[in-house]
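K.L.:
need coordinates for the below:
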Amino acid sequence: MQHDPSEIIVIGGGIIGVSTALELSRNGFQVTLLDRKGIAAEASKGNAGAYAFTDIVPLATPGIMKKAPKWLLDPLGPLFIPPSYALKITPWMLRFWRASWKDRYQGAMEAQASLNNHSRAALERQIDAVRGEAMFQREGQMQLYEGQKEFEASLPSWEIRKQHDIRFDLLTSNEAIAEIQPGIDPRFTHAGFTPDWINVCCPERWTHYLAEQYLTNGGKLITEEVRNLKQSGEIVEITTDQTTYRAKKVIVASGAWSHQLAAMVGDRIPLETERGYNTTLPEGAFDLRTHLTFTNHGFVVSRINAGVRVGGAAELGGLKLPPNYKRSEILLNKAKKFLPSLNTDNGKQWMGFRPSMPDSLPVIGTSSKANNIIYAFGHGHLGLTQAAGTAELVASLVCNKPAPLSLAPFNPDRF
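P.N.:
Reported below is the predicted structural model:
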């Protein structure tokens, strides 16, 4: 069965897809949102709830490849590549290595800073438009360091933040740290505090809230899995496991599955899957007053509703390997050591898929193979952070209006 053409179909029910569908509907378009599982069923369900606008440094930094052998040797370390996946990920790793060269790294950082700045303002517009302020926690973020040496090694990253007008305070005593967050083990003698950091009380609830606003605006939601995607003349055809839909424009915002859809129209985009782990503890587990980042241990502690979420431990392992929840356990054990009064009982484990590009920049732009298909995916750790900004950029593309920042660094063909 074929349907009459929709004006726009957005494929992807996560925070990027929902934000985009909402923004397009607010611009007067008739929008259909299509997802195989529904709203916030993947990475938007269990992330840390953080708007990390201060995180502008790409993962691919100069000299990063010297650390690569350690990843293969430590299956419970903060970043790991399973040996069974090492060969498959080699082409991505070569691009990752190239992105770490100084000529690429600096440009990627500037582009990330530009997108984050735009996304910060876009988030405030989004919150105001849907009256969502009650769902946010404006409590800052603290990055913690064990001793003077570790702290001094972090100073270049703080200098970069200063150059980009990011506010912060550097703390050099246990007393100063305890004034903001009591209960941290005294081994953490230094910290950097970013007061403008924002968290949402629950990323899953926020995504559903935005979806409700979208549906109230007249949007449609379909829960079916896409089997094929192609442009036929001026129409894009989407074949699902049940029927075929037709649209004048399609937005691909399917997170870690997006490159599979792009391949259907002939675009080969080097997207990899970064599998993140966390444990959510119930109300009363710890008196958490700010978002905590244990930088050199690769995990964070955030407040989700009245509970606590301990998460991180990235694993470049694709979409098919089974979860290794020992990674969640090792993070929780570390969190207990670093926050001695943390109650780790009755936690709920989770693993999600982050869509990661070699240069840490998302793909935002029109397909080179199909001019009625626009891509919006590959945000890595910053999907929630950049969702509102990405939605506005996609709307500018759909409306053929100048974007508020250069989209060249995010071009689908940059590799």
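
K.L.:
from now on I want contacts and neighbour counts done on CA atoms only, so please keep to that.
P.N.:
Will do.

K.L.:
residues of stretch 312-326 that come out buried?
P.N.:
Neighbour-count burial for stretch 312-326, counted by 16 or more other Cα atoms under 10 Å, picks out G312, A313, A314, E315, L316, G317, G318, L319, P323.

K.L.:
in three-state terms, label the fourth one for me.
P.N.:
It stands for E315. strand (DSSP: H, G, I helix; E, B strand; the rest coil).

K.L.:
so what touches stretch 257-264?
P.N.:
N228, L229, K230, V252, D267, R268, I269, P270, L271, P355, F377 (Cα atoms under 8 Å, 6 or more residues apart in numbering).

K.L.:
now, which of those sits nearest A306?
P.N.:
P355 (28.3 Å; Cα to Cα).

K.L.:
in what element of secondary structure is the closest one found?
P.N.:
Using DSSP states H and E, P355 sits in strand 348-356.

K.L.:
circling back to that earlier point, between the contacts of stretch 257-264, which is nearest L155?
P.N.:
Nearest member of the contacts of stretch 257-264 to L155, counting by Cα to Cα, is P355, at 28.9 Å.

K.L.:
list the contacts for the closest one?
P.N.:
G255, A256, W257, L271, E272, T273, E274, F377, G378, H379, G380 are the contacts of P355 under Cα under 8 Å, 6+ apart.

K.L.:
on that earlier part again, and the contacts of stretch 257-264, which two are furthest apart?
P.N.:
Greatest spatial distance in those: K230 and P355, 22.2 Å, computed using Cα to Cα.

K.L.:
one step back: list only buried entries from the contacts of stretch 257-264.
P.N.:
N228, L229, K230, V252, D267, I269, P270, L271, P355, F377.

K.L.:
beta partners for the second one?
P.N.:
In this entry, L229 is beta-bridged to I238, by DSSP bridges.

K.L.:
continuing past the lowest-mean-pLDDT helix or strand in the chain, what's the next helix or strand?
P.N.:
When the helices and strands of the chain are scored by mean pLDDT, DSSP states H and E, helix 68-73 comes last with a mean of 64. Moving toward the C-terminus from helix 68-73, the next helix or strand (DSSP H and E) is strand 79-80.

K.L.:
what is the burial count for F286?
P.N.:
19 (other Cα atoms under 10 Å).

K.L.:
distance check, it against G183.
P.N.:
F286 is 9 Å from G183, where distance means Cα to Cα, to the nearest Å.

K.L.:
okay, and the common contacts of the two?
P.N.:
With Cα under 8 Å, 6+ apart as the test, F286 and G183 both reach S341.

K.L.:
which stretches of the stretch 51-200 of the chain form strands?
P.N.:
Using DSSP state E, counting those that start in this stretch, the strands found in the stretch 51-200 of the chain span residues 79-80, 136-137, 141-145, 169-171, 190-194, 198-200.
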